[in-house]
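Participant: A structural model of the following input is requested.
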Amino acid sequence: MDFDPQWLLFGLPLAFALGFALGWMASRMDLRQWKREQRETPQAYLKGLNLLLSEQQDKAIDAFIEAVRQDPASTDLHFALGNMFRRRGEYERAVRVHEHLLNRADLPAAMRERAQEALAQDFMKAGLFDRAEQAYRALEGGSFDSEAQLALLSLYERSRAWPSAIEVARKLEGSGTASFATRIAHYWCEIAEEADARHRPEAAAQALQQARLAAPQAARPLVLEGRRFARLGEHAQAMQVFAELLVVHPASFNLVASDHAASALACGQQALARGQLDALYRRAPSTDLLAAIALLDPEPQHQRTRLRVHLHEQPNLSATQQLLALGASGGVSLDAADAQSLGVAVSRAARPMQRYRCAACGFDAQHYFWQCPGCMAWDSYPPQRLEDL
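Facilitator: Modelled structure (predicted):
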């Protein structure tokens, strides 16, 4: 049969129309599917948020997992899910979520840095400090550089890696983030105390010198250096350092008042020390200063007079206890047995007030801390005990 070219006039338009119809139908099907997926994913996400706000974390996690399953490419859903796992203490699952994000080749650079920072937080919360350090180091020089450096500083403090902490603190100070001079001085003081504990006096002395250079107005280097001289029997040098502390940071002198008096007795400078203590006591009375003055002037009648005056101006249980003890030993009107009983009772009542309290978190301690064991803040303890505040 011969081919009739006229069929082309009818076949080509028909084929074109059929192809167009099929293409339109396919696009409509894809569009409906896309709309359905876009409609379903926000619903699952909003469901998770509502459950989270209702403090139903288990159900919220299930909802977020379902949202991620419906839309595996959604980075925000991954971040939300990873943060949920971290808040619940499920650090291994949080790590898996954030590592999955980092393994995606199509992840933009900004999102990759965000995922790296979230992964570092996972390791930090899990106590995997070595892996957290590596993760934070990978963020250096990027948009999370300051956050990474601050996190590294906290990490080195917790692990007591003081040389590394000094390096990071200097870098932060150089970038203009804030002044870290006092912190750096604390780090050098920690190094000095560790060197003394290892019987390395030269290293301790060098570390204290670095601490004083880092923060000349800081109290701790002077306190440690003065006590160190006194411990070595160099009481004249100790007196000089304590005198400098009295000028630079008089509020912290309560911490070394008794050390100051003992060094004065050892090197024959009682009169000088007594004048300094009396002058400071007139400005800021405290039981620590009274105890130091008593070392220089132990005469019972003088002590009794000082305690009575102190109780009249600033009544507190510690001074009451001291007066009762002095009365019992000095044979005044109080019966010795009664005075002893009163002393025990007052001593027990005074014990909670003889503590130091962190101004940042309220952590109480019998001994003075330069860094709070509770909240890890530096210089958060006032140098006065609770009853003197």
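Participant: Please name the nearest non-neighbouring residue to R357.
Facilitator: D364 (5.2 Å; Cβ to Cβ, 6 or more residues apart in numbering). C-beta coordinates here come from the backbone N, C-alpha and C atoms, glycine included.
Participant: Please give me every residue in contact with that neighbour.
Facilitator: P352, R355, Y356, R357, C358, L386 (Cβ atoms under 8 Å, 6 or more residues apart in numbering).
Participant: Grab the nearest non-local neighbour of Y381.
Facilitator: Going by Cβ to Cβ, 6+ apart, Y381 has Y356 as its nearest residue, at 4.9 Å.
Participant: Am I right that that neighbour is in contact with F363?
Facilitator: No. Contact status for Y356 versus F363: not in contact, 9.1 Å apart, counting by Cβ atoms under 8 Å.
Participant: Please identify which of the two sits among more neighbours.
Facilitator: Ranked by neighbour count (other Cβ atoms under 10 Å), Y356 and F363 place Y356 first, with 22 against 18.
Participant: what comes up buried for stretch 178-196?
Facilitator: For stretch 178-196, burial by neighbour count (16 or more other Cβ atoms under 10 Å) applies to 180-193, 195-196.
Participant: taking these one by one, which sit in helices?
Facilitator: 181-193, 195-196 (DSSP state H).
Participant: can you tell me which of those lies nearest to R160?
Facilitator: The nearest member of these to R160, counting by Cβ to Cβ, is E190 at 7.1 Å.
Participant: which stretches of this protein have low pLDDT?
Facilitator: Scanning the chain for pLDDT under 70 picks out the ranges 1-74, 327-342, 344-345.
Participant: Domain parsing of it, as residue ranges.
Facilitator: The chain breaks down into these domains under automatic domain parsing: 299-353, 355-389.
Participant: Please list all residues in contact with the residue nearest to E92 when sequence neighbours are not counted.
Facilitator: The shortest distance from E92 to any non-neighbouring residue, by Cβ to Cβ, 6+ apart, is to A126 (7.8 Å). Applying Cβ under 8 Å, 6+ apart, we find A126 in contact with Y91, E92, V95.
Participant: From Q217, how far off is the first one?
Facilitator: Right, Y91. Look at Y91 and Q217: by Cβ to Cβ, to the nearest Å, they are 41 Å apart.
Participant: Same question for the second one.
Facilitator: E92 sits 46 Å away from Q217 when distances are taken as Cβ to Cβ.
Participant: swap in L295?
Facilitator: In terms of Cβ to Cβ, L295 sits 28 Å off from Q217.
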